[in-house]
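>>> got a sequence here, can you model it:
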Amino acid sequence: AMFEMGQIDEEGVQGELAKLQKYVNYEWQDIRELSATRILNYYDKYLDTRSLFNKGFEDAMVYGEEIYCVDEFNNEPSIRKCDPRTTWYLATSSITTIDDVDAVIEEYYLPIGKVIDQYYDELSSEEIDELEEKRNSINLNYSFPNAQMTPFMSSEGLTVDSIDLARLTSVGGLDYRGGIRICHVRWKSLRKIGTLTFFDEEGNEQKTKVDETFKLTEEEKDLGWSIKWFWINESWEGTKIGENIYLKIKPRGIQFRKKDNISYCSLGYFGNLYNTTSNKVQSLVDIMKPYQYLYVTIWHRAMETLRKSIGKVGFIDEAWIPDGWNIDMWLHYATNMGWAVRNSFSEGKKGVAKGKLAGNLANQPHQLDLNQLGDVNQYLELLQFIDNELDYITGISKQRIGVMQQETGLGVYQMAQQATSNITEPFFKQHDSLKLRVYEGLLETAKYCLRNGSIKISDILDDMSVAVYTVEGNILNEAEYGIVMSDSQNEIETLS
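Model (predicted):
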């Protein structure tokens, strides 16, 4: 108790004040922040962003680019991982992110049913009929992913990969599996707006924004009203489906505006370009490729040498074989019974040896040594050297993947873990930064989708009880949000 027999419990008061201070500093949230947190937690699970980000990080390691598209379909937020091989953007050569580029072109293929799901509110009846006709014309032998296909060879005789195969075999905007080609384009244009200066009923000067269609009347001009015109950026979009279906060619509803800069807008594409210090995107796989080529070359030579290394080969003098026997019979007795039958009194049949005793081979070699395992071991040592170099360059050491030798001490193991973490940390920092930007874009998209409504969210709490929240769109749209993430151990201890 804080009060006991008229005395104040100083320790109890200090403890309660400390709890209150911790709550104010780390736990307190107003209704807007609570709404934003709840909506993010909901869509984080609903859209399965963890799997999406894992696939995107794999793109970063393989292609050196990691790109996501934040959009809305049917007034619902969505996140899509883009294929770096079929996503192009207009920007300078020294950029490290594509968040603020001026244009993006993305090409991909979708099943016709998925296209109708996403664009049913934009497609006309005639366009849906055209898509249905295309679906009915698909050759069923090539419409299933598990169908057996013969390798495709280009005119130059080179094998074409699957994504190029989808384009080269495209007929009527369909790929070989029945997906229809989608070409989605977003770009930044200009919009003319003005700042209207006017006087309210009390004679106070007021300012507001007006579009280019607004015109001042003569009466308003006489009252001292004025307009200052200027141009701001505005993002547009357009989608081409198949060969001749064009949709949503208009300014985007979600501009990702900022309160401190009315001209700022984003195309809704968020991405990182890795290792661009030399103005060239370079992935981790690109760094490893020269070593991989060298590894494969040396491995091939080692296998060729091992194939030629057949060990010791013995000589067989035909004079040793008894009369009436062939080599197969002689080898049968030698290998299966362990006896090599020999006729020491067999005479030579012709030549200078005619009439002499055969089998006098004491001064001749009895075997030929074709063992090349020493050369194979040298190749294997080179392979081990390349393997160690890759560990050093990529930062993925044996300790990192859990391989620990018996004689390795704990201190050495921890030092190796720290060293490899220092090498790979920049990749994870860039990836985490991109995740924050994607979440900010997702939150802005959710604000747009809830601008005229609300959403009910059910959540399972730590005690396994169910709580139902209502997120009001008008409250969510009252503020501009930023997301901060930290993985510092010191801050975790502070919050605990």
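>>> who touches the host helix or strand of residue 52?
Using DSSP states H and E, the element containing residue 52 is helix 49-63. For helix 49-63, the external contacting residues (Cβ atoms under 8 Å, 6 or more residues apart in numbering) are 43-44, 65-68, 79, 81, 83-85, 272, 274, 281, 283-285, 427, 430-431, 434-435, 438. (C-beta placed from N, C-alpha, C; glycine too.)
>>> which parts of this protein are helices?
10-22, 31-46, 49-63, 112-119, 125-136, 162-168, 218-222, 284-308, 327-332, 373-394, 410-449, 473-476, 489-495 (DSSP state H).
>>> same list, these, but as TSV with mean neighbour count, mean pLDDT and distance to residue 259 please.
Output for the helices of the chain, formatted as TSV (neighbours: other Cβ atoms under 10 Å; pLDDT from 0 to 100; distance: least, Cβ to Cβ, whole Å):
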stretch	mean neighbour count	mean pLDDT	distance to residue 259
helix 10-22	11	74	31
helix 31-46	17	85	14
helix 49-63	16	92	26
helix 112-119	17	89	31
helix 125-136	14	85	39
helix 162-168	14	47	41
helix 218-222	10	86	28
helix 284-308	14	90	39
helix 327-332	12	78	92
helix 373-394	14	88	43
helix 410-449	16	81	12
helix 473-476	18	80	15
helix 489-495	10	48	28
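>>> gap between residue 107 and residue 204?
Going from residue 107 to residue 204 by Cβ to Cβ, to the nearest Å gives 54 Å.
>>> neighbour count: the two, which is higher?
Taking other Cβ atoms under 10 Å, residue 107 and residue 204 do not tie; residue 107 has more neighbours (18 against 8).
>>> list the beta-bridge partners for that one.
As for beta bridges, residue 107 partners with residue 183 under DSSP bridges.
>>> could you check how far it is from residue 186?
Distance from residue 107 to residue 186, counting by Cβ to Cβ: 13 Å.
>>> so residue 468 touches residue 457, yeah?
Yes: using Cβ atoms under 8 Å, residue 468 is in contact with residue 457, at 7.2 Å.
>>> between those two, which has more neighbouring residues?
Neighbour count, other Cβ under 10 Å: between residue 468 and residue 457, residue 457 has more, with 16 against 8.
>>> state the pLDDT value of that one.
For residue 457, the model assigns a pLDDT of 79.
>>> same question for residue 469.
pLDDT, residue 469: 78.
>>> try residue 234
94.
>>> can you tell me the closest non-neighbouring residue to it?
Once flanking residues are discounted, residue 234 sits nearest to residue 191: 3.9 Å by Cβ to Cβ, 6 or more residues apart in numbering.
>>> now residue 387: how far from residue 291?
With distances taken as Cβ to Cβ, residue 387 is found 9 Å from residue 291.
>>> ugh, wrong one, I meant residue 274
18 Å.
>>> and the strands in the stretch 201-350 of the chain, which stretches?
Remark: strands assigned in the stretch 201-350 of the chain by DSSP state E, counting those that start in this stretch are 205-211, 226-241, 245-251, 269-273, 311-314.
>>> okay, now residue 234: neighbour count?
By other Cβ under 10 Å, 18 other residues sit near residue 234.
>>> who is it paired with across the strands?
Counting by DSSP bridges, residue 234 forms beta bridges with residue 189.
>>> I figured it was touching residue 187, is that so?
No: if you go by Cβ under 8 Å, residue 234 and residue 187 don't touch, sitting 9.9 Å apart.
>>> residue 469: what's it in contact with?
38, 456, 457, 458, 459.
>>> one more time with 6 Å, if that's ok
By Cβ atoms under 6 Å, 6 or more residues apart in numbering, the contact set of residue 469 is 38, 457.
>>> and what of the one 3 residues further on?
Residues near residue 472 by Cβ under 6 Å, 6+ apart: residue 454.
>>> against residue 94, how distant is it?
Residue 472 sits at a distance of 43 Å from residue 94 (criterion: Cβ to Cβ).
>>> go on, residue 323?
Using Cβ to Cβ, one gets 88 Å for the distance from residue 323 to residue 94.
>>> which strand residues bridge the nearest residue to residue 225 once chain neighbours are set aside?
Using Cβ to Cβ, 6+ apart and skipping the chain neighbours, the partner closest in space to residue 225 is residue 198 (4.6 Å). Following DSSP bridges, residue 198 is listed with bridge partners residue 206.
>>> and residue 198, what pLDDT?
Residue 198 is given a pLDDT of 90.
>>> again, but for residue 122
pLDDT recorded at residue 122 is 89.
>>> surely it touches residue 245?
No: applying Cβ atoms under 6 Å, one finds residue 122 not in contact with residue 245, separated by 9.6 Å.
>>> and those two? Which one has more around it.
Ranked by neighbour count (other Cβ under 10 Å), residue 122 and residue 245 place residue 245 first, with 21 against 14.
>>> from residue 284, how far off is that one?
Between residue 245 and residue 284 the distance is 39 Å, computed by Cβ to Cβ.
>>> now swap in residue 62 and tell me
Residue 62 is 8 Å from residue 284, by Cβ to Cβ.
>>> OK, contacts around residue 383?
Taking Cβ under 6 Å, 6+ apart, we find residue 383 in contact with residue 298.
>>> again, only using 7 Å
Residue 383 sits next to 295, 298, 299 when contact means Cβ atoms under 7 Å, 6 or more residues apart in numbering.
>>> can you check residue 184 too?
Residue 184 sits next to 106, 239 when contact means Cβ under 7 Å, 6+ apart.
>>> show the contacting residues for residue 108.
Residue 108 sits in contact with 83, 86, 182, where contact means Cβ under 7 Å, 6+ apart.
>>> give the burial count for the first one, as a bare number.
The local packing count at residue 83 equals 15, with neighbours defined by other Cβ under 10 Å.
>>> doesn't residue 206 make contact with the residue nearest to residue 225?
Yes: between residue 198 and residue 206 there is a contact at 5.6 Å, judged by Cβ atoms under 7 Å.
>>> which one's more surrounded, these two?
Each of residue 198 and residue 206 has its neighbours counted (other Cβ under 10 Å); residue 198 has more, 16 against 10.
>>> for residue 335, see how far away that one is.
110 Å.
>>> equivalent analysis for residue 15, please.
Per Cβ to Cβ, residue 15 is found 90 Å from residue 335.
>>> what do you get for residue 380?
Counting by Cβ to Cβ, the separation of residue 380 from residue 335 is 31 Å.
>>> one more: residue 206?
From residue 206 across to residue 335, the span is 108 Å (Cβ to Cβ).
>>> got it, and residue 90?
When Cβ to Cβ is applied, the distance between residue 90 and residue 335 equals 74 Å.
>>> give me the more crowded residue out of the two.
A count of neighbours by other Cβ under 10 Å puts residue 90 above the other of residue 90 and residue 335, at 12 against 9.
>>> settle this for me: residue 205 is touching residue 196, isn't it.
No: the criterion here is Cβ under 7 Å, and residue 205 misses it with residue 196 at 11.0 Å.
>>> more neighbours, those two?
Higher neighbour count among residue 205 and residue 196: residue 196, with 17 against 9, using other Cβ under 10 Å.
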